[in-house]
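*Asks:* coords please:
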Amino acid sequence: MMSCGSLTIRCANPTRERSRSLSANPRSPSANPRSLSEDQRSLSEDPRSLSEDPRSLSEERSDESKRPAHEQRRPGGAEPPEARDDSADPTARVRAAASARGLDIELRRRPDAHSLAEAAALMGLQPADIVKTLVVKRHDGGYLYALIPGDRAISWPKLRTVVGVNRLRMPEPELALEATGYARGTIVPIGATNDWPVYADAEIVGRRIAMGAGARGYSLFVQADALIAAYQATVADISQPADA
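*Replies:* This is a model prediction of the structure:
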């Protein structure tokens with residue numbers, strides 16, 4: 001190889017005059033001592049070719065596979081699935097929301113139980129300390145949360161009076177999920193996808209209560225008064241005895 005004029009070319013004979021630049025050669029391409037095929041050498045002869053690159057593509061892929069999973073690159077620069085998946089901690093959303101509101105909560109694994117009384121006994125609580133979060137649908141399409149002690153039931157006439165509407169109802173499970181982001185049985189205002197108004201029955205005031213934790217198999221413990229303050233809940237008599 002040698003430099004001839006403006007191009008670097010391989011000359012048939014480096015001592016002969018025909019090693020001049022192609023741009024200065026008056027002869028036709030057919031008379032050029034270097035054919036087009038010679039001029040366009042394969043990448044394997046190019047000093048910048050991949051074969052001469054100190055790191056081939058196969059080596060790069062091999063190195064990439066040795067990286068920890070959370071550091072490996074994804075197509076389009078997308079985040080690794082691990083960075084977006086919080087399934088390892090199903091209560092992560094509740095924890096984050098409680099922290100943002102300054103709420104001191106405790107999360108525990110919920111023991112298997114066949115009744116409210118059995119669940120309360122296993123957790124060292126009274127049935128009234130286990131509070132149900134009921135998501136209620138308004139006639140205008142909105143929702144609200146009603147916090148009811150476990151040993152009592154919601155009183156629809158009382159709740160309608162407090163809210164100031166004529167119609168309220170329990171939504172279908174799929175609507176409850178859409179409105180809160182939680183499946184029925186795990187619903188809690190903390191970390192829900194919508195901050196619907198919260199109505200707390202007066203019976204829970206002053207208690208340390210257990211609630212759903214946004215994930216099956218867990219219970220959330222919190223001071224009711226702190227929860228009421230954090231969500232500016234309306235406190236009223238909105239319940240009745242469970243057997244009424």
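
*Asks:* Contact partners for Ala210?
*Replies:* Under the criterion of CB atoms under 8 Å, 6 or more residues apart in numbering, the neighbours of Ala210 are Met123, Leu125, Asp129, Ile130, Val131, Ser219, Leu220, Phe221. (C-beta placed from N, C-alpha, C; glycine too.)

*Asks:* what do you get for Asp151?
*Replies:* Residues in contact with Asp151, defined by CB under 8 Å, 6+ apart, are Leu116, Gln126, Pro127, Ala128, Ala242.

*Asks:* contacting residues around the first one?
*Replies:* The neighbours of Leu116, taking CB under 8 Å, 6+ apart as the test, are Pro127, Ile130, Gly150, Asp151.

*Asks:* ok, 7 Å please
*Replies:* Leu116 sits next to Pro127, Ile130, Gly150 when contact means CB atoms under 7 Å, 6 or more residues apart in numbering.

*Asks:* Between all of the contacts of Asp151, which two are at the greatest distance?
*Replies:* Using CB to CB, the pair of these lying farthest apart is Gln126 and Ala242, separated by 13.8 Å.

*Asks:* so Leu177 sits in a helix?
*Replies:* Yes - looking at Leu177 with DSSP: H, G, I helix; E, B strand; the rest coil, it is inside a helix.

*Asks:* related to what we said a few turns ago, a markdown table for the contacts of Ala210, including pLDDT and neighbour count?
*Replies:* Formatted as a markdown table, these follow (pLDDT from 0 to 100; neighbours: other CB atoms under 10 Å):
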| residue | pLDDT | neighbour count |
| --- | --- | --- |
| Met123 | 90 | 17 |
| Leu125 | 93 | 19 |
| Asp129 | 96 | 20 |
| Ile130 | 96 | 20 |
| Val131 | 97 | 25 |
| Ser219 | 95 | 20 |
| Leu220 | 97 | 28 |
| Phe221 | 97 | 17 |
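
*Asks:* In CSV: these, plus distance to Ile204.
*Replies:* What follows is the contacts of Ala210, written out as CSV (distance: CB to CB, whole Å):
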residue, distance to Ile204
Met123, 16
Leu125, 12
Asp129, 9
Ile130, 10
Val131, 6
Ser219, 15
Leu220, 14
Phe221, 13
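
*Asks:* for those, which one is nearest Asp89?
*Replies:* Using CB to CB, the shortest approach to Asp89 within those belongs to Leu220, at 13.8 Å.

*Asks:* I'd guessed that closest one sits against Val94; true?
*Replies:* Yes - counting by CB atoms under 7 Å, Leu220 touches Val94, with 6.4 Å between them.

*Asks:* What segments of this protein are helices?
*Replies:* Assigned helices in the chain, in chain order: 36-39, 57-66, 81-84, 92-100, 116-122, 156-163, 173-180, 224-230 (criterion: DSSP state H).

*Asks:* Give the buried residues for the fourth one.
*Replies:* The one in question is helix 92-100. Taking 16 or more other CB atoms under 10 Å as the neighbour-count basis, helix 92-100 is seen to contain the buried residues Arg93, Val94, Arg95, Ala97, Ala98.

*Asks:* Please enumerate the strands of the protein.
*Replies:* Applying DSSP state E to the chain gives strands spanning 2-4, 7-9, 106-109, 131-138, 143-149, 152-154, 168-169, 198-201, 208-212, 218-223, 234-236, 239-241.
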